[in-house]
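Q: this one's sequence-less:
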């Protein structure tokens, strides 16, 4: 992975997701329910307290109406992604 500057850190992704959730006036409970993950897991992602899978990130972003673009189309256990608002 030669161009690390194109990746967002877990902290940046978490902040982005939290801001998107708040902008849409959704609670942790609502997004957790829509995404099928626990509130604790969602909070850990938003606060960058734990690693997460591409599948988890996809569930959260789908619930928020955000598209995730994985570099080279790869799903990896440690997610290095670029995200954009749809």
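A: Noted; the coordinates are in hand. Computed from a predicted structure; not experimentally measured.

Q: The most centrally placed residue in the chain and residue 40, how far apart?
A: Centroid-nearest residue in the chain, with CA atoms, centre = their mean: residue 57, separated by 4.1 Å. Counting by CB to CB, to the nearest Å, the gap from residue 57 to residue 40 is 16 Å. All C-beta spots, glycine's among them, are computed from the backbone N, C-alpha and C.

Q: Return the backbone torsion pair for residue 66.
A: When read as degrees, to the nearest 10, the backbone of residue 66 gives phi -110, psi 140.

Q: looking at it, it is touching residue 20, isn't it?
A: Yes: with contacts counted by CB atoms under 8 Å, residue 66 reaches residue 20, the gap being 6.0 Å.

Q: List the buried residues of the helix ranked longest in the chain.
A: Across the chain, the longest stretch assigned as helix under DSSP state H is helix 10-23. The neighbour-count criterion (16 or more other CB atoms under 10 Å) identifies 10, 13-14, 16-18, 20-21 as the buried residues of helix 10-23.

Q: Work out the gap between that helix and the centre of the chain.
A: 7 Å (CA atoms, centre = their mean, to the nearest Å).

Q: same deal with stretch 33-48?
A: Stretch 33-48 sits 9 Å away from the centroid of its parent chain (CA atoms, centre = their mean).

Q: Tell me the span between the first and last residue of that stretch.
A: This stretch, stretch 33-48, spans 20 Å end to end (CA to CA, to the nearest Å).

Q: mind listing what's buried in that stretch?
A: For stretch 33-48, a neighbour-count test (16+ other CB under 10 Å) marks 35, 37, 41-42, 44-46, 48 as buried.

Q: Go ahead and name everything in contact with that stretch.
A: Residues from elsewhere that reach stretch 33-48 (CB atoms under 8 Å, 6 or more residues apart in numbering): 9-11, 13-15, 17-18, 21, 28-29, 31-32, 49-50, 52, 56-57, 59-60, 62-63.

Q: if we go to 7 Å?
A: For stretch 33-48, the external contacting residues (CB atoms under 7 Å, 6 or more residues apart in numbering) are 10-11, 14, 17-18, 28-29, 31-32, 50, 52, 56, 59-60, 62-63.
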